[in-house]
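Novice: only geometry, no sequence info:
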């Protein structure tokens, strides 16, 4: 046991003791004081990358590993094993590494499963993160950005000045987040203050509790005092038609809120819990210059000579002492032999690859329900959302089939900019993926005009849309693993000399964090096997 | 009336009509649909900068203007008048322009009113915004950044992973914002759901309202259903001791929340309304590279030859047809004569300058209560708050005398970083300003260790503290104007040929927005006078 491990155990022992005597609250408080709560992302035990010293000190030699799929998981496996000198080969069917970590720039071209070719015509400096777009502070993805030297900037996951628009609730115009929050928090504060003051909660609250609660509600809801019945009658938090200015220009507030029943009927509050999520709460981050700065940095660290592009895997055979992988590249069948294999293809695609790993493996791979998602990048000739609507980043939420609209987190005040005109999943995504790219643009723009007005159409320069279910060698956005089943458990163990990795084998599906931690788990298991064989 | 004005009036007329028939809600909805709510910051009528054409078309000639004070207001006056060719001279007593728009970098040196000299030893790339630090999206400051080509980035005004620490409430360790919000929102949702379900609010809510409210509360508070009494029992939103990982690592949630009474007693909720403020709600912004990028860009646009530094104003005399301003520079008395003067010194300092503008002007100037504020920049040898505590920006709130602690919004994952170790006002600020810089650092660090642990002390490299009440030629952070008094109104009008401008003559004191809009108001009035004389 290393010094590091001992220190970890010792601190854990201490915390267990605190937890036993003082309950979870005391333990948390103590951990907070130690700077441990919540700590770095890795679950216990902390990941330790293989090193060259592991071999030089033991006299063993590195193994050869073939990795199927050059997405984040595959690249991370090659990167971590490469630190110890493993001889890795990554087979990637697509024309570039990165998998769903895909950033579209001007000049990018792709033909989908329906034979439709799109070429992105974006201007210099404009990009669309077609796959993952954000990173939470606790995610191990942050650590890889640091280690790989990928600069980060804030991803604007929430903005008080973005819109909410629920057409099905009868809204005829959007409302700002700040206004919606002021009204919902105002009314729930009024209601709870009244109920509390009238003694309706006396079985739950002491007099001291009540006093503290009322004090909180008056601050939180900006409501009146007892004599006014704790009434919510609006506040500057709703926003202003004209903000305060010079001299005696006190500004023109938006005015009185709609009646309570109208606010609840509009259902604007349905979006408020999003930013409380453990995985979505601000602050969130993105790499400067596009999410693919991560996959590019990984690929550079792995070495491009170790990454074979355009290589479609056609078979995996465990030969006992080695693994043979066949693939097709440029119309020719090829083969690579290695000591071990790590398969990181999406499970529904890996299920179609002929292999001799057993029927249980095939059925396990085929048992991942696949979700699709879509995004469209709309490049505009001006940043009218900043100049006219004072929206500098953030997300507009809707009940339209486009679901979410993202304003760019980069290039503020630039000449042009890119809005993600839809980011939707499931049935909504399939509606769009069934359309041609031109039809998708038309549909997205028609919907977006309802919220943003005419410039949403008139300022549009060009667009590019990503339909993940129609994307070759991916055929989906992410999966919904059947946790706890024998099939899921089967793939957490190697099948002979073949290991499986990917976000689909993690508890953070659809996040790069999931890909990284799964890659680390396989690297740890494989290296342990090599070191003990 | 120009085309632009007509279009504005026409839209306003339309909105008044909507407002009359449909109430404020309908008007707001319509304005939202038009992209007008809330629009750019300027109050009606929109600001129109003077132009050279105003003179060339009218045959009039530009005036000479002397501007007292080279802070944001003074520079903005010179900048806007300069667009039309006015001959402006800015007299600035300090060694650099910018006023309270002050960014401290390594090598900066300043001697305070007590004769204490500090020299900042910050590393390259590290800076402290000692004055203003953030900009709201609606503020006209954003427009000046665009016009002047000052790039912007997000100012991290709120972060779910920052701490809350209320020592006076008996907290022995800090709690994350995300945890505090989960618990407070959870319990208030439970309470309101119970009261609603038991009919305590039936006089205020219809059956439909109740159904919608309960649905919202279940989402917002992550509470149980009716059968569980809508109980709040914790959620992943509280955060994790160990976040979800690979395979079967579901993560270790922080666990059950403290009892309701403890959560209210901790008073963590007192900070939640901050981020709902019309002036503080995220997203907020800052110039890349320091707030003084704004004042530097303004000074460049004005022309450094027009800015006289080290010039302490000693007298202002209105001679009827001209204004004479005397000042002291390098130990010598000097004089400048101009057609007009714009005085932007802090009012309590301007009140001490001899003049012949009348006793009412002096008493009005002397009637601005002055608030002080302080900040300390703590440069650390490592970014331990990012690496150990996973805090990438944001603000920790406390009831300690340091009040707020800011984590840096720039340089994520860099080698070093700067924390604002206190940002306090009033009595708390005076406690620190009475200390020597070394004592301030010691006091701030001792307090900060309570929240952050030992590295808050051991990793510290150097510090620089700003006490605004002890800063020469400023002697305060901002004022609290007596709006509505004759004195305040007096200063909104020129005294003969002398105008007054500054955030202290605006409805946004302590914001650069206030300085800019006040400057614009004076520029408009002065130019109109010149054009009609």
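Specialist: Perfect, thanks for sending it. Predicted, not measured: the structure shown is a model, and the values here were computed from it. Numbers count the residues shown, from 1 in each chain, chains lettered A, B, ... in the order given.
Novice: any idea how far stretch A:307-318 is from the chain center?
Specialist: Distance of stretch A:307-318 from the chain centroid (C-alpha atoms, centre = their mean, to the nearest Å) equals 28 Å.
Novice: contact partners of it?
Specialist: Identification of contacts with stretch A:307-318 by C-beta atoms under 8 Å, 6 or more residues apart in numbering or on different chains yields A:68, A:70, A:75, A:78, A:89-97, A:299, A:323-330, A:333-334, A:341, A:343, A:345, A:353-357, A:473, A:495-498. Every C-beta, even on glycine, is put in place using the N, C-alpha and C of the backbone.
Novice: what is the end-to-end distance of it?
Specialist: 22 Å (C-alpha to C-alpha, to the nearest Å).
Novice: show me what the mean pLDDT comes to for it.
Specialist: In this model, stretch A:307-318 has a mean pLDDT of 98.
Novice: pull out the buried residues from the contacts of stretch A:307-318.
Specialist: For those, a burial check counting by 16 or more other C-beta atoms under 10 Å in any protein chain shown picks out A:68, A:70, A:75, A:78, A:89-94, A:96-97, A:299, A:323-327, A:341, A:343, A:345, A:353, A:355, A:357, A:473, A:495-498.
Novice: what does the stretch 401-533 of chain A put close to chain B?
Specialist: A:409, A:412-413, A:452-453, A:455, A:483, A:489, A:492, A:505-508, A:513-514, A:517-518, A:520-521 (C-beta under 8 Å from any C-beta of the partner chain).
Novice: can you give me the strands in the stretch 301-450 of chain A?
Specialist: Assigned by DSSP state E, counting those that start in this stretch, the strands in the stretch 301-450 of chain A fall at A:307-308, A:312-318, A:323-329, A:332-338, A:340-343, A:370-371, A:373-380, A:394-398, A:404-407, A:417-425.
Novice: could the ones you listed go into CSV alongside distance to residue A:530?
Specialist: Listed next are the strands of the stretch 301-450 of chain A as CSV, based on distance: least, C-beta to C-beta, whole Å:
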stretch, distance to residue A:530
strand A:307-308, 22
strand A:312-318, 16
strand A:323-329, 14
strand A:332-338, 12
strand A:340-343, 8
strand A:370-371, 33
strand A:373-380, 37
strand A:394-398, 45
strand A:404-407, 44
strand A:417-425, 40
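Novice: point out the most buried one among these.
Specialist: Compared across the strands of the stretch 301-450 of chain A, strand A:340-343 shows the largest average neighbour count, a mean of 29 (mean count of other C-beta atoms under 10 Å in any protein chain shown).
Novice: hmm, what's the outermost residue in chain A?
Specialist: residue A:227 (47.5 Å; C-alpha atoms, centre = their mean).
Novice: from residue A:197, how far out is it?
Specialist: Per C-beta to C-beta, to the nearest Å, residue A:227 is found 11 Å from residue A:197.
Novice: can you pull the contacts of the spatially closest residue to residue A:334 that is not a sequence neighbour?
Specialist: Leaving aside its sequence neighbours, residue A:334 sits nearest to residue A:327 (C-beta to C-beta, 6 or more residues apart in numbering or on different chains; 5.6 Å). Applying C-beta under 8 Å, 6+ apart, we find residue A:327 in contact with A:91, A:308, A:311-314, A:333-336.
Novice: quick one, which of the residues of the stretch 401-533 of chain A next to chain B are buried?
Specialist: Among these, the ones that count as buried (16+ other C-beta under 10 Å) are A:409, A:412-413, A:452-453, A:455, A:492, A:505-508, A:513-514, A:517-518, A:520-521.
Novice: mind checking which of these are in helices?
Specialist: Judged by DSSP state H, the subset of these located in helices is A:452, A:455, A:492, A:513-514, A:517-518, A:520-521.
Novice: now, the contacts of stretch A:307-318 that are in helices?
Specialist: A:75, A:78, A:299.
Novice: distance of the last one from residue A:230?
Specialist: Just to be clear, that refers to residue A:299. For residue A:299, the distance to residue A:230 - C-beta to C-beta - is 59 Å.
Novice: can you check residue A:142 too?
Specialist: 43 Å.
Novice: same check on residue A:408?
Specialist: Remark: distance between residue A:408 and residue A:230 (C-beta to C-beta) = 41 Å.
Novice: over to residue A:504?
Specialist: Where residue A:230 is concerned, residue A:504 sits at a distance of 50 Å (C-beta to C-beta).
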